[in-house]
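1. Can you look at this prediction? I've put the sequence above it.
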Amino acid sequence: MAEERSLEYTPTWVVAFICFIIVLLSLLAERGLHHLGKCLKRRKQDALFEALQKLKEELMLLGFISLMLTVSQAAIRHICVPPGLVSSMFPCKKPLEKHHAPESSHTLRHLLSTGASPDHCAAKGQVPLVSVEALHQLHIFIFVLAVFHVIFCASTMVLGGARIQQWKHWEDRFKKHPSQKDALKRGHAQAHPHAHALHELFNANHEFFAMHAGGFWRRSVVISWLRSFFKQFYGSVTKSEYIALRQGFIMTHCPTNPSFNFHKYMLRTLEIDFKKVVSISWYLWLFVVVFLLLNVGGWNTYFWLSFLPLILLLMVGAKLENIISTLAVDVCEKRNRAEVAVITPSDELFWFHKPEIVLQIIHFILFQNSFEIAFFFWILFTYGIRSCIMERLGFLIPRLVMGVLVQVLCSYSTLPLYALVTQMGSKFKKGIFDEVVQSTLEVWLQDTRSKGDSTSQSRRLEIQPTTPEALNVQVNEVTEC
């Protein structure tokens with residue numbers, strides 16, 4: 001067996017060539033991200049630009065994790081523990097082996113390259129906490145996980161955005177027509193196109209209420225939830241639902257602007273949400289740690305965990321569909337009580353009265369699904385298809401099928417549903433303002449707060465602005481859009 005050479009005995013041209021390739025690839029990646037950011041700024045896609053900045057932060061975190069693992073691997077390798085601490089909870093059932101079996105040649109080469117002695121812990125009657133090879137494989141897994149998460153989130157947002165773009169022609173049919181009051185002031189020839197639009201709006205509303213609240217059986221809680229569960233698999237958003245929810249949003253939040261571009265507003269809020277989804281939060285990293293802890297051979301943790309994103313996704317889809325049905329039933333009940341029969345957005349429709357919880361669940365679903373696929377490919381290329389971590393073929397195929405199903409269902413059904421239904425909260429999102437207005441208001445808020453800090457306590461209480469955190473304005477305080 002040839003002994004591995006250290007850097008002292010490696011040809012200089014090899015060192016220079018490898019260094020050149022690494023630096024070149026890094027610069028190409030950095031320049032590519034830089035030009036992508038400039039392109040987004042030119043097109044005034046500020047939300048996507050912020051998402052790109054968030055992606056750079058995640059890459060920087062990955063780089064720091066990589067640096068920490070590389071620098072500290074020799075020190076970690078010298079940590080010795082009693083054999084009893086590392087004799088259980090293996091990802092694979094450990095086969096019977098002879099005591100004091102010699103370490104593999106691959107591990108010995110790692111030890112030689114790091115200057116560690118194989119007998120360092122044995123002399124103390126202990127064993128190493130972890131091998132350098134295991135640290136290296138963990139290093140690769142963290143990188144693969146982050147890459148798959150970014151790819152899955154980006155593909156989901158792109159496919160979901162493409163699905164929402166199909167609704168644009170519904171928006172265009174209504175936003176260009178004048179209000180009914182203005183149409184009546186004009187001649188019959190000019191009022192005719194608007195009358196056609198009103199007739200189409202009436203038909204859409206009639207279809208919406210007949211679909212969700214027509215008949216006693218549709219108002220039954222059990223039937224409503226069952227219908228909501230199955231509807232997410234076909235036609236998650238229909239034309240009548242889009243028009244009805246659009247009208248409810250405009251009448252509540254923008255009553256003086258009936259031609260408000262609701263579709264463009266939805267796309268802006270989706271871009272802003274993408275910045276949150278692409279990041280890997282601390283609780284997601286905690287989930288990875290818990291999974292690595294519970295991935296014990298024989299427990300089939302990987303198989304049972306693969307059901308979690310699908311179950312959560314079906315719950316979210318059913319809840320969003322049920323909110324649409326609840327809004328329709330609420331309008332019918334108001335009509336029966338001779339009240340103003342309009343769709344009234346409210347936070348009470350959502351879990352814990354917080355619409356943002358839906359985004360957090362979708363964030364977790366996308367991460368957990370990307371984790372499943374990343375873990376599969378990492379095991380495949382690191383240990384092979386016959387690795388004991390892969391478990392049996394009967395467990396492997398369902399995991400892959402569910403991963404693909406979650407990705408498709410989330411892209412084409414749940415995400416478009418989320419973009420539409422979460423607008424039915426008591427507050428509208430800051431995406432209702434364009435980029436220029438958002439930046440102007442943020443500067444105004446910063447100036448107001450800085451001036452407030454320089455005044456006395458009593459004066460600060462008098463001038464403290466009522467527009468709080470990140471422009472989530474209360475509905476009752478808005479008079480026009």
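-> Perfect, thanks for sending it. Residues are numbered from 1 along each chain as shown.
2. Buried residues in the host helix or strand of Ala74, which are they?
-> Using DSSP states H and E, Ala74 sits in helix 46-77. By neighbour count with 16 or more other CB atoms under 10 Å, helix 46-77 contains the buried residues 46-52, 54-55, 59, 62, 65, 69, 73, 77. To be clear about C-beta, it is placed using only N, CA and C from the backbone, and glycine gets the same treatment.
3. quick one: Leu305 and Phe395 touch, right?
-> No - Leu305 lies out of contact with Phe395 (CB atoms under 8 Å); the separation is 11.2 Å.
4. which of these two has more neighbours?
-> Relative neighbour count places Leu305 above the other of Leu305 and Phe395, with 19 against 14, counting by other CB atoms under 10 Å.
5. Relative to His169, how far out is the nearest residue to the more buried one once chain neighbours are set aside?
-> Distance criterion CB to CB, 6 or more residues apart in numbering; nearest residue to Leu305, sequence neighbours excluded, is Phe291 at 6.7 Å. Distance, Phe291 to His169, using CB to CB, to the nearest Å: 44 Å.
6. what residues are up against Asp347?
-> Residues near Asp347 by CB atoms under 8 Å, 6 or more residues apart in numbering: 353-355, 425-427.
7. one more time with 6 Å
-> Asp347 makes contacts with 353, 425-426, as judged by CB atoms under 6 Å, 6 or more residues apart in numbering.
8. Just the buried residues of these.
-> Using 16+ other CB under 10 Å, the buried members of the contacts of Asp347 are 425-426.
9. Would you mark the buried spots in stretch 80-89?
-> Of the residues in stretch 80-89, none is buried (16+ other CB under 10 Å).
10. so how far is it from its chain's centroid?
-> Mean-position distance between stretch 80-89 and its chain equals 38 Å (CA atoms, centre = their mean, to the nearest Å).
11. so how far does it reach from one end to the other?
-> Distance across stretch 80-89, first residue to last, is 18 Å (CA to CA, to the nearest Å).
12. what's the closest of the contacts of Asp347 to Ile280?
-> Using CB to CB, Gly425 comes nearest to Ile280 of the contacts of Asp347, at 26.1 Å.
13. and Ile21, how many residues sit next to it?
-> Ile21 has 10 nearby residues by other CB under 10 Å.
14. still on that earlier bit, looking at Phe291 and His169, which one has more neighbours?
-> Each of Phe291 and His169 has its neighbours counted (other CB under 10 Å); Phe291 has more, 16 against 10.
15. Buried residues of the helix or strand encompassing that one, list them for me.
-> Using DSSP H and E, Phe291 maps to helix 282-294. Under the neighbour-count criterion of 16+ other CB under 10 Å, helix 282-294 has 284, 287-288, 291 buried.
16. now swap in stretch 320-329 and tell me
-> In stretch 320-329, counting by 16+ other CB under 10 Å, buried: 320-329.
17. before we move on, what about stretch 154-167?
-> Of all the residues in stretch 154-167, those buried under the rule 16+ other CB under 10 Å are 156-157, 159-161, 163-164, 167.
18. And for stretch 229-238?
-> 229, 231-232, 236-238.
19. which one among these gets closest to Val340?
-> Relative to Val340, the closest of the buried residues of stretch 229-238 is Thr238; by CB to CB it sits at 24.6 Å.
20. Which pLDDT value belongs to the closest one?
-> What the model reports as pLDDT for Thr238 is 85.
21. just the buried residues of helix 46-77: which has the poorest pLDDT?
-> Lowest confidence among the buried residues of helix 46-77: Ala47, with 64.
22. if you look at the buried residues of stretch 229-238, which of them are in helices?
-> Of those, the ones assigned to helices by DSSP state H are 229, 231.
23. Which of the buried residues of stretch 229-238 sits closest to Thr269?
-> Taking CB to CB as the measure, Thr269 sits nearest to Val237 out of these, at 15.5 Å.
24. Now the closest one, what are its backbone angles?
-> Dihedral pair for Val237: phi -130, psi 120, per degrees, to the nearest 10.
25. What of Lys41?
-> phi -70, psi -40.
26. give me the low-pLDDT residue ranges for the stretch 51-200 of the chain?
-> Applying pLDDT under 70 to the stretch 51-200 of the chain picks out residues 94-119, 175-200.
27. And the strands in it?
-> With DSSP state E, counting those that start in this stretch applied, the stretch 51-200 of the chain shows strands at 80-81, 127-128, listed in chain order.
28. Can you tell me which of the ones you listed is nearest to Leu245?
-> Closest approach to Leu245 among the strands of the stretch 51-200 of the chain is made by strand 80-81 (59.3 Å; CB to CB).
29. Show me what the closest one is packed up against.
-> Judged by 3 or more CB pairs under 6 Å, 6 or more residues apart in numbering; DSSP states H and E, strand 80-81 is in contact with no other helix or strand.
30. What pairs with that strand, parallel or antiparallel?
-> strand 127-128 (antiparallel) (DSSP bridges).
31. Quick one: residues in contact with the strand it pairs with.
-> Outside strand 127-128, the residues that touch it by CB under 6 Å, 6+ apart are 83, 121.
32. give me that answer again for 8 Å
-> Residues from elsewhere that reach strand 127-128 (CB under 8 Å, 6+ apart): 77-83, 86, 120-121.
33. Repeat that for stretch 133-142.
-> 62, 65-66, 69-70, 73, 76-77, 106-107, 110, 374-375, 378, 382.
34. How far away from the center of its chain is that stretch?
-> The chain centre lies 25 Å from the centre of stretch 133-142; the measure is CA atoms, centre = their mean.
35. Who are the contact partners of the closest residue in space to Ile164 that isn't next to it in sequence?
-> Using CB to CB, 6+ apart and skipping the chain neighbours, the partner closest in space to Ile164 is Pro416 (5.3 Å). Counting by CB under 8 Å, 6+ apart, Pro416 makes contact with 160, 163-164, 236-237.
36. Out of those, which is nearest to Asn257?
-> For those, the nearest to Asn257 is Ile164 (21.1 Å; CB to CB).
37. residues in contact with that closest one?
-> By CB under 8 Å, 6+ apart, the neighbours of Ile164 are 263, 266-267, 270, 416, 419.
38. between those, which is closest to Ile343?
-> Looking across those and measuring by CB to CB, the closest to Ile343 is Met266, at 16.1 Å.
39. tell me, how many neighbours does Gln247 end up with?
-> 19.
40. Which helix or which strand is home to it?
-> For Gln247, the enclosing helix or strand under DSSP H and E is helix 239-253.
41. counting contacts, what elements does that helix pack onto?
-> Helices and strands touching helix 239-253, by 3 or more CB pairs under 8 Å, 6 or more residues apart in numbering; DSSP states H and E, are helix 168-175, helix 188-213, helix 262-277, helix 307-336, helix 415-421.
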